[in-house]
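>>> I'd like to go over a predicted model; first the sequence, then the structure.
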Amino acid sequence: MECVFCEIARGRAPAHVVYEGERVLAILDKYPVSEGHTLVIPREHYRDIFELPEELLAEMMRVAKLVALAQRRALGARGVRLLMNNGREAGQEVMHAHMHVIPRGVAELARRPLRPEEGERVASALRAALGL
């Protein structure tokens, strides 16, 4: 099977999109740990941080900051955790480089699948906070 994040980046798989750029995409995590838990992914497939070109990693971090600011404005997050697992031994589950932007001080969730109406409500709020 094709990489799920590649499928999302090509518009062939569903996702709650928070931000769309030419090289980077931000989507809500399908199994969030808190309300607004977002993944920042490169559109092109790179397995992990070791394969990512430095300028693309910098672009991902710039987008992560924008998302974190939107989480603060739209959801009232009092903090944010940035996390990037690299390799199965580090906990990486999808072998496509991605950065988690996890708001803290908001509703904690039990890693259950994100309900469609919940995802659209949160993604819409974050896009509005980004001015999109």
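Thanks, I have it.
>>> how about the helices in the chain?
With DSSP state H as the criterion, the chain has helices at 4-9, 54-75, 116-130.
>>> okay if I get the ones you listed as CSV plus mean pLDDT and distance to residue 109?
C-beta here means a position set from N, CA and C on the backbone, and glycine is covered the same way. Compiled in CSV, the helices of the chain are given as follows (pLDDT from 0 to 100; distance: least, Cβ to Cβ, whole Å):
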stretch, mean pLDDT, distance to residue 109
helix 4-9, 96, 20
helix 54-75, 98, 12
helix 116-130, 97, 9
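>>> Residue 91 is nearest to which of these?
Closest approach to residue 91 among those (Cβ to Cβ): helix 4-9, 16.2 Å.
>>> still on that earlier bit, same list (the helices of the chain) but as CSV, adding distance to residue 38 and mean neighbour count.
Shown next, in CSV, are these (distance: least, Cβ to Cβ, whole Å; neighbours: other Cβ atoms under 10 Å):
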stretch, distance to residue 38, mean neighbour count
helix 4-9, 13, 18
helix 54-75, 5, 18
helix 116-130, 7, 17
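>>> Distance to residue 37 added to these, as a markdown table?
Formatted as a markdown table, those follow (distance: least, Cβ to Cβ, whole Å):
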| stretch | distance to residue 37 |
| --- | --- |
| helix 4-9 | 15 |
| helix 54-75 | 9 |
| helix 116-130 | 9 |
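>>> so which of the ones you listed gets nearest residue 40?
Closest among the helices of the chain, once you apply Cβ to Cβ, is helix 54-75, at 5.0 Å.
>>> which residues are in contact with the closest one?
18-19, 21, 23-24, 26, 35-36, 38, 40-42, 44, 46, 49, 52, 77-78, 80, 82, 97, 99, 101, 103, 106, 122, 125-130 (Cβ atoms under 8 Å, 6 or more residues apart in numbering).
>>> let's see it at 6 Å
If you take Cβ atoms under 6 Å, 6 or more residues apart in numbering as the criterion, helix 54-75 is touched by 19, 23-24, 26, 36, 38, 40, 42, 77, 80, 82, 99, 101, 103, 106, 125-126, 129-130.
>>> Filter the residues you listed down to the buried ones, PyMOL style.
Buried members of those can be picked out in PyMOL with the line below, counting by 16 or more other Cβ atoms under 10 Å:
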select buried, resi 19+24+26+36+38+40+42+77+80+99+101+103+106+125+126+129+130
